[in-house]
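S.K.: Task: produce atomic coordinates for the following.
(chains A, B, C and D)
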2 protein chains.
Amino acid sequence: MIRTNQELLDYVKKNLNSDPQTYLPHQTLIGQGKRVNTVYIIKSGIAKCFLTNENGNDFVEEFFGEGEIVGEIEIINNHVSVCGVSAVTELSVYKISEENFKHFLDKDKIFNHLILKALSAKIHYKALRHAHNQSNDVEMNLLRIQKEFPGIFETIPKLDIANYLGITLRSLNRTLSELRMRNLIR
Amino acid sequence: MIRTNQELLDYVKKNLNSDPQTYLPHQTLIGQGKRVNTVYIIKSGIAKCFLTNENGNDFVEEFFGEGEIVGEIEIINNHVSVCGVSAVTELSVYKISEENFKHFLDKDKIFNHLILKALSAKIHYKALRHAHNQSNDVEMNLLRIQKEFPGIFETIPKLDIANYLGITLRSLNRTLSELRMRNLIR
DNA sequence: CGCGTAATTGAAAAGTATCAACACTGGTGG
DNA sequence: CCACCAGTGTTGATACTTTTCAATTACGCG
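M.R.: Below is the predicted model of the structure:
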């Protein structure tokens, strides 16, 4: 539910002596469709990676927590960003310029391998998540994410959760109140 | 719809002198939940990467075409396979042992970068696909994948297409016949 | 021909979206 | 201090979409 990457965070803390920067909730790190020239690694807080479609509806790809990396895909593939990324809670992030990122990727074998692992983990996670989302009903999906991150409803706005599950806010609320009546939640 | 990676295929053809191996439709390359010790790169044909859930329903993650790589994620992250991979059409694939793959990844900068790009492309694609799947209705999704791969209905079984879209065969058929009546398809 | 796999269709049940109204909260300014 | 506002959350009624289940047809192949 909230992705983390402690191994990468530790490495970045030790080997990149840059000061973290702070973002407030709702502030944008990366705009959808924009050219990306910075890699962000989250020191603390939660960000969301989301995609706004032509009708103005959002779809939340992932929630990023400690150690998660953003912007690396666009730089590696030289693409504009598919998703936007913005802060959900207050955020502290390390920034790495495109130039430095490419340099590390090329010269630092350990960093290179950490990125390979980070990318693989993202694919692994996305595969599981998409399969679960589409194979199970709303109730099961809710119980699953609640199990993965018990504090979810106190931390992340309902609309973001609905957009993460690919359902409407109404459906989320209905299912939540049913689960509450059956004492399966809260 | 059908993923390809010509750049990787060209590189593998030139630099890895191994003979391709053939698989018939329905044959399994990688079993779900199994340890993976070979990387496969598709020379020709189409494979599917799918996930069978506890109810016996399949969800198709991707269809792989020429140049697509399979098994690299499991080897990089030292995980068992989340998805199964099997041949949809007759398949010709290059195999690389885990040992060789790791060796190339470590010593061959061009190969390393091709894999970084391949992984990034997979994430990019998965992000778009999941968003489309959940944001649009069945009709739009069908028209979209038909546009991406016009020969789809003559090449890929209907049940696989339904499982790719995360819908039932019944829904697929209903939507198809509606589109046919409106002359938007076939 | 007979068999298994794949494809098609109808009818009822279940699930989800849409729309609209209303409640709660923490500011902000008169 | 209160009125107002924006953002967030809640709920009901109805329309619509998708699944489920079951029956039937089409096709390829030994």
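
S.K.: Could you list the alpha-carbon positions for stretch A:35-49 in PDB?
M.R.: C-alpha atoms of stretch A:35-49 as PDB (Å, rounded to 0.1, in the frame of the first residue of the first chain):
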ATOM      1  CA  ARG A  35       9.900  17.100 -18.500                       C
ATOM      2  CA  VAL A  36      11.700  15.700 -15.400                       C
ATOM      3  CA  ASN A  37      15.300  16.700 -14.500                       C
ATOM      4  CA  THR A  38      15.400  15.700 -10.900                       C
ATOM      5  CA  VAL A  39      15.200  12.500  -9.000                       C
ATOM      6  CA  TYR A  40      13.500  12.600  -5.700                       C
ATOM      7  CA  ILE A  41      14.000  10.200  -2.800                       C
ATOM      8  CA  ILE A  42      11.600  10.400   0.100                       C
ATOM      9  CA  LYS A  43      13.200  10.900   3.500                       C
ATOM     10  CA  SER A  44       9.900  11.000   5.400                       C
ATOM     11  CA  GLY A  45       6.200  11.500   4.700                       C
ATOM     12  CA  ILE A  46       3.900  10.200   2.000                       C
ATOM     13  CA  ALA A  47       3.500  11.200  -1.600                       C
ATOM     14  CA  LYS A  48       1.100  10.000  -4.200                       C
ATOM     15  CA  CYS A  49       1.800   9.300  -7.800                       C
END
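
S.K.: And that stretch, how far out from the chain middle?
M.R.: When distances are taken as Cα atoms, centre = their mean, to the nearest Å, stretch A:35-49 is centred 8 Å away from the chain's centroid.

S.K.: Equivalent analysis for stretch A:118-131, please.
M.R.: Worked out by Cα atoms, centre = their mean, stretch A:118-131 lies 12 Å from the chain centre.

S.K.: quick one: is that stretch near DNA strand D?
M.R.: No: judged by Cβ under 7 Å from any atom of the strand, stretch A:118-131 stays clear of DNA strand D, getting no closer than 13.8 Å. Bear in mind the C-beta positions are built from the backbone N, C-alpha and C, glycine included.

S.K.: Rounded mean pLDDT for that stretch, please.
M.R.: If you average the pLDDT over stretch A:118-131, you get 96.

S.K.: If you count neighbours, what's buried in that stretch?
M.R.: When burial is assessed from 16 or more other Cβ atoms under 10 Å in any protein chain shown, stretch A:118-131 yields the following buried residues: A:118-127, A:129-131.

S.K.: so of these, which ones are in strands?
M.R.: Using DSSP state E, no member of the buried residues of stretch A:118-131 falls within strands.

S.K.: In a markdown table: the residues you listed, plus distance to B:K95.
M.R.: Formatted as a markdown table, these follow (distance: Cβ to Cβ, whole Å):
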| residue | distance to B:K95 |
| --- | --- |
| A:A118 | 26 |
| A:L119 | 22 |
| A:S120 | 19 |
| A:A121 | 24 |
| A:K122 | 25 |
| A:I123 | 21 |
| A:H124 | 22 |
| A:Y125 | 27 |
| A:K126 | 26 |
| A:A127 | 22 |
| A:R129 | 29 |
| A:H130 | 27 |
| A:A131 | 26 |
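
S.K.: nearest to B:L114, of the residues you listed?
M.R.: A:L119 (13.0 Å; Cβ to Cβ).

S.K.: Distance of the closest one relative to DNA strand D?
M.R.: In this structure, A:L119 and DNA strand D are 31 Å apart, going by Cβ to the nearest atom of the strand, to the nearest Å.

S.K.: what's the closest non-adjacent residue to that residue?
M.R.: B:L119 (4.0 Å; Cβ to Cβ, 6 or more residues apart in numbering or on different chains).

S.K.: In contact with that neighbour: list those residues for me.
M.R.: A:116, A:119-120, A:123, B:72-73 (Cβ atoms under 8 Å, 6 or more residues apart in numbering or on different chains).

S.K.: hmm, which two among the residues you listed are most spread apart?
M.R.: A:L116 and A:I123 (11.0 Å).

S.K.: name the element A:R144 belongs to?
M.R.: Using DSSP states H and E, A:R144 sits within helix A:138-148.

S.K.: And the strands in chain A, which stretches?
M.R.: A:2-3, A:21-23, A:28-30, A:38-44, A:47-52, A:58-64, A:69-70, A:84-87, A:91-97.

S.K.: Nearest to A:L143, out of those?
M.R.: Among those, if distance is taken as Cβ to Cβ, the winner is strand A:2-3, at 16.4 Å.

S.K.: circling back to that earlier point, which one, of the strands of chain A, ends up nearest to DNA strand C?
M.R.: Nearest of the strands of chain A to DNA strand C, taken as Cβ to the nearest atom of the strand: strand A:58-64 at 11.3 Å.

S.K.: what's in contact with the closest one?
M.R.: A:1-3, A:42, A:46-53, A:70, A:83, A:85, A:88, A:122, A:125-126, A:156, A:160, A:163-164, A:166, B:127, B:130-131, B:134-135.

S.K.: and the gap between A:N37 and A:G71?
M.R.: With distances taken as Cβ to Cβ, to the nearest Å, A:N37 is found 8 Å from A:G71.

S.K.: of the two, who's got more company?
M.R.: Set A:N37 next to A:G71 and count neighbours by other Cβ atoms under 10 Å in any protein chain shown: A:G71 wins out with 21 against 12.

S.K.: beta partners for the residue nearest to A:G33 when sequence neighbours are not counted?
M.R.: Nearest residue to A:G33, sequence neighbours excluded (Cβ to Cβ, 6+ apart): A:V80, at 5.5 Å. Taking DSSP bridges as the rule, A:V80 bridges to A:R35.
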